[in-house]
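J.: Here's my sequence, what's the structure:
(one chain, ligands or ions: 2)
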Amino acid sequence: MTTYPETGRLSAPAESPLVIKNVRLYGEGEPTDVVVKDGIIAAIGNTAEAEDAQVIDGQGNVLLPGLVDMHVHLREPGREDTETIETGSKAAAKGGFTAVFTMANTNPVTDQPIIAESVWAKSQALALCDVHPVGSITKGLEGKTLTEFGMMARSDAKVRMFSDDGKCVQDPQLMRRALEYAKGMDVLLAQHAEDDRMTGGASAHEGETAAKLGLRGWPRVAEESIVARDALLARDYGNRVHICHASTQGTVELLKWAKEQDIPLTAEVTPHHLLMTDDKLRTYDGLFRVNPPLREQRDTEALREALLNGTIDCVATDHAPHGSEDKCVEFENARPGMLGLESSLAVIAKIFVETGLADWRFVARVMSERPAEITRLPGHGRPIAEGEPANLTIVDPDHHWVSDSAKLASKSENNPYAGEEFGARVTHTILRGAVTFDLAASEED
Ligand code: DOR
Ligand code: ZN
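T.: Ligands and ions are numbered 1, 2, ... in the order given. Below is the predicted model of the structure:
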């Protein structure tokens, strides 16, 4: 077992050395080799192989720091029929992730150390991906009483993020108290911004499409009013707030304002809000019901621009597995949420890299470095350099593939990209020097 400060015990690094041949660091420059020993990058350059080394032929592909997803739902405990720590970790490794944060809206809710510790211990025994449990802000997600942040932060799970995600902390006074408490503990609060007095019964974005389809709408202001409120709370009570799944143009404007005032407000955006609009709802397919809802073109454009210029800090999938009994039903009865872990790198490459809007450095920043910084997660999102932990992802930037829901590692099939073509693919994921995903060795390639 190794220990990073404030991370707790971790699964052991790979025993045998690993040589990754022929990779382009961040997709830049000439291909080179990376030698890994004891889970650490020991050398970069054309170096002699150790006799017992495992060798990966990188074929000139792109080497990135292991991806970090600060927002997933792995459904254990409670809905192991839809996803478990094990299947979710496999999906994460397949998507290029070396660390994920799993939200607290499980059953029972992750509002006590024992639940968080069990999630963390399972993930370390599996050694496929570091699964960090998020603690809930309020007991039972009921929005009434704060949980014991300190006990969860000091537990073996070292909980560093708290969120009632799935629900918003509605009461501003309680949110203020949470901020003051979190400040003392130096933990992050992540807000699902939704004033539920404005979204009762809504299943779609409030706009032309919802009106035509006869669906009740979820207006932008329900998100934006909470973002504005929490920005002001962060300003006045001096602690960090992170906005989950930013989805509107107005949220982008508020984030820009907050950053100009040096308010410690950060935000993530999902691949689905970057790629799709409420136009997808025309078939009434429950697959496309998600919370917050898919919005309009002007929102998508504002979100893309904000990610490019840093107003939005990072990408997070909000991977939300659901069984067919909850998805293959009337739109309004479908549970909100879609899968994301196995497709997110390809979606981001499609929008930003394949169009020439950004490069692989940008992908490393928004999918690895920034989420690790925001969560203050040691060992991940680090530079690819000698002496750094070997948490790495190899991407083939020219691998054409079609998303197929029957081939997912996830236990659920609510994949909004079924049949969609992509041009980039994760070929290997490496956690502390151990290969946790190898595309050629998997049944899919
Ligand atoms: O679409 C969503 N699904 N949004 C959320 O906030 C929660 C999530 C879930 O848990 O299924
Ligand atoms: Zn979520």
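J.: pLDDT of stretch 99-114, averaged?
T.: What stretch 99-114 shows for mean pLDDT is 98.
J.: which parts of that stretch are buried?
T.: Of the residues in stretch 99-114, those buried under the neighbour-count criterion (16 or more other Cβ atoms under 10 Å) are 99-106, 109-113. For every residue, glycine as well, the C-beta is placed using N, CA and C.
J.: In helices, which of those fall?
T.: By the criterion of DSSP state H, membership of the buried residues of stretch 99-114 in helices covers Pro113.
J.: Out of the buried residues of stretch 99-114, the closest to Arg75 would be?
T.: Top of the list for closeness to Arg75, among the buried residues of stretch 99-114 and by Cβ to Cβ, is Thr106 at 6.7 Å.
J.: What's the local residue count around the closest residue to ligand 1 within the stretch 51-200 of the chain?
T.: Scanning the stretch 51-200 of the chain for proximity to ligand 1 using Cβ to the nearest ligand atom identifies Gly166 as nearest, at 3.9 Å. Taking other Cβ atoms under 10 Å as the neighbour definition, Gly166 ends up with a count of 21.
J.: Any chance of the backbone angles for Ala246?
T.: Torsion angles at Ala246 (phi, psi; degrees, to the nearest 10) stand at phi -60, psi 130.
J.: measure Phe162 to ligand 2 for me?
T.: Separation of Phe162 from ligand 2 (Cβ to the ion, to the nearest Å): 14 Å.
J.: what's near enough to touch that residue?
T.: 104, 134-137, 147, 149, 152, 178, 182, 187-190 (Cβ atoms under 8 Å, 6 or more residues apart in numbering).
J.: On the three-state scheme, it is what?
T.: Judged by DSSP: H, G, I helix; E, B strand; the rest coil, the three-state class of Phe162 is strand.
J.: Report the beta-bridge partner residues of it.
T.: Gly135, Leu189 (DSSP bridges).
J.: Per-residue pLDDT of it, please?
T.: What the model reports for Phe162 is a pLDDT of 98.
J.: could you list every residue that touches the residue in the chain positioned nearest to ligand 1?
T.: Per Cβ to the nearest ligand atom, the residue of the chain with the smallest distance to ligand 1 is Gly337, at 3.1 Å. Residues touching Gly337, when contacts are defined by Cβ under 8 Å, 6+ apart, comprise 73, 289-291, 318, 320-322, 414.
J.: Arg370: neighbour count?
T.: If we define neighbours as other Cβ under 10 Å, then Arg370 has 21 of them.
J.: where's it relative to Gly310, distance?
T.: If you measure Arg370 against Gly310 using Cβ to Cβ, to the nearest Å, the figure is 9 Å.
J.: Run through the residues that contact Lys280.
T.: Under the criterion of Cβ under 8 Å, 6+ apart, the neighbours of Lys280 are 288, 294, 416.
J.: mind redoing it with 10 Å?
T.: Taking Cβ atoms under 10 Å, 6 or more residues apart in numbering as the contact definition, Lys280 lies against 209, 272, 287-290, 294, 416.
J.: Between the two ends of stretch 312-330, what distance do you get?
T.: With Cα to Cα, to the nearest Å as the measure, stretch 312-330 spans 34 Å from end to end.
J.: Is it in proximity to ligand 2?
T.: Yes. Applying Cβ under 5 Å from the ion, one finds stretch 312-330 in contact with ligand 2 at Asp318.
J.: How about the secondary structure of Trp120?
T.: Classification of Trp120 by three-state DSSP places it in helix.
J.: Surely it touches Asp156?
T.: Yes. Counting by Cβ atoms under 10 Å, a contact exists between Trp120 and Asp156, whose distance comes to 6.4 Å.
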